[in-house]
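# when you get a sec, could you give me coordinates for this:
(2 chains)
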Amino acid sequence: SQTIHQWPATLVQPVGSPLSLECTVEGTSNPNLYWYRQAAGRGLQLLFYSVGIGQISSEVPQNLSASRPQDRQFILSSKKLLLSDSGFYLCAWSPGRDTQYFGPGTRLTVL
Amino acid sequence: RKEVEQDPGPFNVPEGATVAFNCTYSNSASQSFFWYRQDCRKEPKLLMSVYSSGNEDGRFTAQLNRASQYISLLIRDSKLSDSATYLCVVNTRGNLIFGKGTKLSVKP
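Okay, here's the model as predicted:
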């Protein structure tokens, strides 16, 4: 069966510091991969999605970037964090363009 | 009009009650529909897909009305463990659009 992992689970970072969040999927090949952010009291916001290695589409312009160095690995990065980057970051995978399955998430607090 | 709208609640119901949530969507080209459940500080998990003919999974029944562009979720015989936020999700051209969710609290 397929499983999706994210780490770290929680992170507290100062403003201006870099960020790297990692997501890996097991038990499937060539999945579509997604990064979402859920701010407190708000809905899920799609940040990036990828249909293959090296293929990244950005949904919202901001100081975040994403990379897919391997088929089942998706990384979310930032060079300099802002206070507004705080939130719950969720990685998801999909076998196609329909149902998505989420990882356990990373809770990021920027101070 | 927001793409996917839900009543945020909270819906506070006693155990054993029947509760219904509605959701409206704005894009008539939307192709598929889902309900996800999200527990506090956890990731969303797929509860069920929603089909035009309606579908049932145990105590949960989902309905889709394409003409009126709304989706419903009915929970019968509510359990304490049903307490969560229920997210309405619409697939439009391959992109999932999430509602902000309806919070349900089931009390003893």
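# name the residues of chain B found near chain A, please.
Residues of chain B lying close to chain A (CB under 8 Å from any CB of the partner chain) are B:32, B:34, B:41-46, B:49, B:87, B:91, B:94-96, B:98-101. (C-beta placed from N, C-alpha, C; glycine too.)
# change it to 10 Å
Residues of chain B found near chain A (CB under 10 Å from any CB of the partner chain) are B:2-4, B:6, B:8, B:31-32, B:34, B:36, B:38, B:41-46, B:49, B:87, B:89, B:91, B:93-101.
# OK, contacts around residue 93?
I went with chain A, as the question did not name one. Taking CB atoms under 10 Å, 6 or more residues apart in numbering or on different chains, we find A:Trp93 in contact with A:2-4, A:23-28, A:31-34, A:50, A:72, A:74, A:99-103.
# try again with chain B
Contacts for B:Arg93 were tallied using CB under 10 Å, 6+ apart; they are A:97, B:27, B:29-31.
# going through the contacts of A:Trp93, which ones are buried?
Buried positions within the contacts of A:Trp93, assessed by neighbour count (16 or more other CB atoms under 10 Å in any protein chain shown), are A:4, A:23-25, A:28, A:31-34, A:50, A:72, A:74, A:99-103.
# direction included, what does the helix or strand bottoming out on mean pLDDT in chain B pair against?
Scoring the helices and strands of chain B by mean pLDDT, DSSP states H and E places strand B:95-98 at the bottom, with a mean of 91. The strands beside strand B:95-98 in its sheet (DSSP bridges) come out as strand B:84-92 (antiparallel).
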